[in-house]
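Trainee: Just to be clear, the model below is a prediction. Sequence and coordinates:
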Amino acid sequence: MVRKSRFIFSLFLFLFFISACLRSPVFGSERPAQKAEMNVLLITIDTLRADRVSCYDSRHIQTPNMDRLAKKGIVFSRAFSHNPTTLPAHTNMLLGLTPLYHGVRENTNFVVRNEFLTLAELLKESGYSTGAFIGGYPLHSRFGLAQGFDVYDEGYERVKFMKFSAGERKAEEVIGRAIEWLEGQESAWFCWVHCFDPHDPYEPPEPFLAQFEDRLYDGEVAYVDRELGRLLDHLEKNGMLAKTLIIFTGDHGESLGQHGEMTHGYLANNTTIWIPLILAYPGSETSRVDRYVSHIDIFPTVCDILRLEKPDVLQGISLLSGSEGGKQSDRTIYFESLYPYYSRGWAPIKGYIRDGVKYVQSPIPELYDLRMDFEEVHNLAEGQRLDVYRKGLNDITVQYSHPENEKARHRTDQKSLERLRSLGYVSSPQIAAKKNYGPEDDVKALLPFHNKAVRAWELYQEGKISEGFDLAKQVVSERQDVDIAYTHLAKMYKEQGKLREALEVLELALGNLPSNYGVIITYISYLNLAGRNDEVIATVESLQLPQMENDPEIWNYLGLAYSSKGEYAKAIQALEFSLSVDDEFAFAYRSLATVFLSRFLKTKDREDLARSIRNFEKALNFEPEFAAAYNSLGVAYKENGQVDEAVKCWEKAYELRPDVGYPLINLGLVYFERGNLTRALEYFETYKKDFYQSLSSRDKERVDALIQKCKREL
């Protein structure tokens, strides 16, 4: 474990501490700043198959700008990711360590601990300006990879009214922000550009949408290639290209249906762990290297080229070793796919590649000779003694592991941990792993059922309602451990207005998958919709799951439940914790504002009204099309005597959501109070025309009474 000194000592004690650290393999050295001359550009394209880069395979699409790098440098034809998910793959690159050592195994349950020395920190200590420009939520700064960056630009937009983790931004914005930053640099810099676009869902902009209508994934790659051209052109135009080390790679690939996997994150076939890797730097000569390399080799390579001392703890080797076509070294490349294990309790997948042979350890083991069968068509494991391979994997695990790697499953933010404990919650492991896994637990056995559940939801969305229901029910009856079969079936019931049936499905799911966070958060959200506040509170307070520490949604639901019961102090506490997790979460700001508004209406405390207005305004700052926030802010403005502002809010709310009628009633009442009975009547009659049939008998009487009162006084 590489530690960074965080304390201030007297000069003597400080120097003594540093000299001791330099002698210990557990600590990294604090290096004096030195004049840096060569820039460093790390380009990572999310979900990029190597065979979609035309210098690797020209049969699919042309990527002239990626090829532009290949023409200037070294193409590594057999480069591999250690993980087929975003956060751990990038952690491997930026730490130069395998997941066995740093402990970050997949996206949702882990945080990079700040004890580790990142490549950005090393370069910053060596005199570099550092900037990162991030395209997707899995690399949000809260997960720990912002360490060492002067700028960590992650301003992606959220998908409207979707969960907070659905954030991404297009490559043109990411690269545009990177170019802006580069224009302001006056000394050597390290710039990391991450483009998320090839990740599912595939939504390339025009003209790529039309050009690749039947191959949308390829269209995303072609779009990113065009945008990379802007970045390279900028470097060339400003004389920076000739003095910049460029590392271009993908974090992992995409299966696109091969091996029964539609996307990535489940299996560990070459479709998802084989990645492009191109190295171009001043003085590099065009070449192609066929030896096996991996992401952990990037960190030591940068040190080698920049002539920086390598931290002793690094587990990779420089890509320049043997890059001139020398004999392939006997490298062992470890890999794993543990998203299904940690998130669903399916059997783990681990393995290694050595001398062109790939061993995959799982209940249904796999063995491939990649020299003859790189597409992994012929599994050679059946009928063979695999003891030597199991032992090999065990030896690798012992060699690369660190005894504290499980700490990556715990949040590093002490302030947030203290707040969490103050609410009465302490994290514990998510899923109790089985002692023994059988073939029925193998990801390859479970994935077909997962795919059926996905197809069921697609059928429902295509308007084939009964077919979607039938297929989802079939999966639930055939396998009781496929979480999305339950959540998709429950969502179908909810969409049909059958919330009770949806909750029954989720309760069945919790009986079979009691620790599955996806099921739990869906269940809590539906309890919230049903107004079953006591059950929301009881469910959340019974949980001790690590995902809670990084999920603002669950605390928002808890705050809403307490608020509905009039327990405002507890509601505020839960919502403030939600915002400590994500200070841009518009829904939590709106919920907090509603709590203060509700309390004001009872106590008439003007400070609560001011807090309500401030939080509604914050919600709209982060979600400018949040109709419900506009409607509620209108109420707060009205209570504060800002009637004109209230009217504007209600008009905006109705403009954004004409399918919601509350703003019409509010507008009608304001104009009635102002004596403008004609306008008031227009709003009341519009409300009756559009929403009357869905009202209760009592509400119908109220609307009719308002309309009659307007007509009498006209």
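Mentor: Nice, I can see it.
Trainee: residue ranges of the strands in the stretch 1-150 of the chain, please?
Mentor: With DSSP state E, counting those that start in this stretch, the ranges of strands along the stretch 1-150 of the chain come out as 39-45, 74-80, 129-133.
Trainee: possible to save those strands as a markdown table with mean pLDDT, distance to R215 and mean neighbour count?
Mentor: For the C-beta atoms, the positions are set from N, CA and C on the backbone; glycine is no exception. Supplementary listing: the strands of the stretch 1-150 of the chain in a markdown table, determined by pLDDT from 0 to 100; distance: least, C-beta to C-beta, whole Å; neighbours: other C-beta atoms under 10 Å:
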| stretch | mean pLDDT | distance to R215 | mean neighbour count |
| --- | --- | --- | --- |
| strand 39-45 | 98 | 17 | 24 |
| strand 74-80 | 97 | 23 | 23 |
| strand 129-133 | 98 | 27 | 24 |
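Trainee: looking at those, which is closest to A188?
Mentor: Across the strands of the stretch 1-150 of the chain, A188 has its closest neighbour in strand 39-45 (5.5 Å, C-beta to C-beta).
Trainee: on that earlier part again, among the strands of the stretch 1-150 of the chain, which is nearest H234?
Mentor: Counting by C-beta to C-beta, H234 lies closest to strand 39-45 out of the strands of the stretch 1-150 of the chain; the figure is 11.0 Å.
Trainee: can you list contacts of that closest one?
Mentor: Applying C-beta atoms under 8 Å, 6 or more residues apart in numbering, the set of residues contacting strand 39-45 from outside is 90, 93, 119, 123, 128, 188-195, 197-198, 221, 224, 228, 231, 235, 240, 243-251, 298, 302, 306.
Trainee: What count of nearby residues applies to G73?
Mentor: 21 (other C-beta atoms under 10 Å).
Trainee: Spatially, what comes nearest to it if we skip its sequence neighbours?
Mentor: In space, and not counting its chain neighbours, G73 is closest to A280: 2.9 Å by C-beta to C-beta, 6 or more residues apart in numbering.
Trainee: For the one you found, which residues count as its bridge partners?
Mentor: I246 (DSSP bridges).
Trainee: I'd like to know which of the contacts of strand 39-45 are buried.
Mentor: Among the contacts of strand 39-45, the ones that count as buried by 16 or more other C-beta atoms under 10 Å are 90, 93, 119, 123, 128, 188-195, 197-198, 221, 224, 228, 231, 235, 240, 244-251, 298, 302, 306.
Trainee: Now, those that are in strands?
Mentor: 189-195, 244-250 (DSSP state E).
Trainee: Just the pLDDT for the closest residue to L216 other than its chain neighbours.
Mentor: Nearest residue to L216 in three dimensions, chain neighbours excluded: Y202, at 3.6 Å (C-beta to C-beta, 6+ apart). For Y202, the pLDDT comes out at 95.
Trainee: Y202 contacts G219, correct?
Mentor: Yes: the pair Y202 / G219 is scored as a contact, 6.9 Å apart, by C-beta atoms under 8 Å.
Trainee: possible to save the ones in strands among the buried ones among the contacts of strand 39-45 as TSV with distance to A588?
Mentor: Formatted as TSV, those follow (distance: C-beta to C-beta, whole Å):
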residue	distance to A588
W189	36
F190	34
C191	33
W192	30
V193	31
H194	26
C195	29
T244	42
L245	42
I246	40
I247	38
F248	38
T249	36
G250	34
